[in-house]
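**Student:** Predicted model and sequence below, questions to follow.
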Amino acid sequence: MLAIEGLRYSVDSNGSRRDIIPNLSYKFSKGKFYAITGPNGSGKTTLAKLIMGIYPASAGSITLAGVKITDMPIHERARAGIAYSFQHPARFKGITFRELIAIAANTNETTDILRLMKRVGICSFAHLNVPVDSKLSGGEIKKIELATTIARNPKIAIYDEPDTGIDLWTIEPMVKLLKNEQQTRGVTTVVVSHNRAFLEAADTVLIMREGSFFFAGTFSAALPYLNDISVCDYRTCGDRTYDECFR
């Protein structure tokens, strides 16, 4: 479904080039659930944004269903079937739940809009005409973000830290929603998260370190690494101490 070959992303840092993703290769299979985790600063969100086209690759290639998309802009990747859910969803003054979902789903049919709202656990009669603005709670704005993501029926759905800003009671229903989308609609699901619930739900857990995957496997096999994820050998620390080593 999605193949990454020799992917590299570099940025300018103090007059020199620094590799955030040095040389990453991996193949994501169709209809599988992946959870990407690892220490802060290991490159998780950077990788997700490279796949979506938010960041341009410095080298390497990204191929979707046999089509090279490395140089495609974001809107063309979206048309090709990639959807992205941000860690901190945008809020929009002057636009309602109904209008935003209608744009994402490309429909004005009330029945379709209500069905989408129900899929993500939004009470349609209470929220249909409510503005998507700063008055909403973290859980409400996250649900509308999920609704706009699944509304396009993507081939690949990427969720960056979907549990950010929501209460503990919302996490389990969210995991069930993403698993249901994966299992019933064949959506290749990629979740960037530290949350155990998402890692347990994944078919494959990918642990990143310094821009590379050093582990790919089941949650049970990943546990020894996850339990020790704060130790310094996850970085080349030498005699220095890095705060980001510790979760």
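**Tutor:** Okay, I see it.

**Student:** does A57 count as helix, strand or coil?
**Tutor:** With DSSP: H, G, I helix; E, B strand; the rest coil as the basis, the three-state label of A57 is coil.

**Student:** Could you measure from it over to L24?
**Tutor:** When distance is defined by C-beta to C-beta, to the nearest Å, A57 is 10 Å away from L24. Any C-beta I mention is one placed from the backbone N, CA and C, and that applies to glycine too.

**Student:** Identify the contacts common to the two.
**Tutor:** Common neighbours of A57 and L24 (criterion: C-beta atoms under 8 Å, 6 or more residues apart in numbering): 7-8.

**Student:** so what's the backbone phi/psi at L199?
**Tutor:** The main-chain torsion angles of L199 are listed as degrees, to the nearest 10 and equal phi -70, psi -40.

**Student:** Mind checking what secondary structure the residue lying closest to it once chain neighbours are set aside has?
**Tutor:** Sequence neighbours aside, A35 is the residue nearest to L199 in space, at 4.7 Å (criterion: C-beta to C-beta, 6 or more residues apart in numbering). When states are read from three-state DSSP, the local structure at A35 comes out as strand.

**Student:** Could you check the pLDDT of A35?
**Tutor:** Turning to A35, the model gives it a pLDDT of 96.

**Student:** cool, and G38?
**Tutor:** pLDDT for G38: 89.

**Student:** ok, how many other residues are close to it?
**Tutor:** Summarising burial for G38: neighbours were counted as other C-beta atoms under 10 Å, giving 25.

**Student:** lowest-pLDDT helix or strand in this structure?
**Tutor:** The least trusted helix or strand in the chain, going by mean pLDDT, DSSP states H and E, turns out to be helix 124-127, with a mean of 70.

**Student:** Check which element follows that helix along the chain.
**Tutor:** helix 138-150 (DSSP states H and E).

**Student:** Can you tell me what sits against that next one?
**Tutor:** Under the criterion C-beta under 8 Å, 6+ apart, external residues in contact with helix 138-150 comprise 83-86, 89, 91, 97, 100-101, 103-104, 116-117, 119-122, 127, 132, 136, 157, 159, 162, 164-167, 170, 174, 177, 181, 187.
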